[in-house]
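> need a structure here:
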Amino acid sequence: MPPMTIDHDAIKKLAGLLNETGLTEIEITEGDKSLRVSKSVNVSYAAAPAGGYAPAAPALAAPAASVSALSPDNHPGAVKSPMVGTVYLQSEPGAPRFVSKGAKIKAGDTICIIEAMKVMNPIKADKGGTVTDVLIDDAQPVEFGQVLVIIE
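Next up is the predicted model:
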């Protein structure tokens, strides 16, 4: 059996595809040869509820900063997407939105639904307060860690 040859260009192209698409693993097969490129993603979730989905990761508190220095990414009330998928702001077309700017919500209220791999994942508020900003549109693709809403 001849020694295996490694196609470094193919590996670089596949790694680039992982970064572009947000995927964590990609594999191609040609004849009896196969090439798999994967990257590890460290995600911490609390235990998954009986529904089988993981709750939104709690937003991390930003270090003390002046109000003018806050951006959506470092805002202490930022609720970030725990996954890559398509976000929906209501339970079905024509239904009222889960949240809107100025809405008062409680911890555990559904903020939106993220569809990932044909599974609908409700994203819940980790704290109560007033929604000061909704940074997503209905049926928009979202990335892991993307800020969805700001709660103060």
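> Which strand residues bridge residue 90?
Taking DSSP bridges as the rule, residue 90 bridges to residue 97.
> Would you confirm that it contacts residue 110?
No - counting by CB atoms under 8 Å, residue 90 does not reach residue 110; the two are 10.0 Å apart. Where you see a C-beta, it was placed from the backbone N, CA and C, and this is true even at glycine.
> Report the buried residues of the helix or strand where residue 13 lies.
In this assignment (DSSP states H and E), residue 13 forms part of helix 8-21. Neighbour-count burial for helix 8-21 flags residue 14 (criterion: 16 or more other CB atoms under 10 Å).
> which residues touch it?
For helix 8-21, contacts defined as CB atoms under 8 Å, 6 or more residues apart in numbering pick out 23, 24, 25, 26, 28, 35, 37, 38, 39.
> Mutual contacts of residue 90 and residue 110, please.
Common neighbours of residue 90 and residue 110 (CB under 8 Å, 6+ apart) are residue 98.
> picking up where we left off before, then the helix holding residue 13 to CSV, C-alphas only?
Backbone C-alpha positions of helix 8-21 (Å, rounded to 0.1, in the frame of the first residue of the first chain) are rendered in CSV as follows:
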residue,chain,number,x,y,z
HIS,A,8,-2.4,20.8,2.2
ASP,A,9,-4.3,23.1,-0.2
ALA,A,10,-7.5,21.0,0.2
ILE,A,11,-7.2,21.2,4.0
LYS,A,12,-6.8,25.0,3.9
LYS,A,13,-9.8,25.4,1.6
LEU,A,14,-11.9,23.2,3.9
ALA,A,15,-10.8,25.1,7.0
GLY,A,16,-11.8,28.3,5.2
LEU,A,17,-15.2,26.9,4.5
LEU,A,18,-15.6,26.0,8.2
ASN,A,19,-14.9,29.6,9.1
GLU,A,20,-17.2,31.1,6.3
THR,A,21,-20.2,28.8,7.1
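> that older thread, pick the one among the contacts of helix 8-21 closest to residue 137.
For these, the residue nearest residue 137 by CB to CB is residue 23; the value is 23.0 Å.
> Next, count neighbours for that closest one.
14 (other CB atoms under 10 Å).
> Against residue 99, how distant is it?
29 Å (CB to CB, to the nearest Å).
> How about residue 119?
21 Å.
> ok, those two, which is more surrounded?
When neighbours are counted by other CB under 10 Å, residue 119 and residue 99 differ, and residue 99 comes out ahead with 22 against 13.
> Thank you kindly, that will do.
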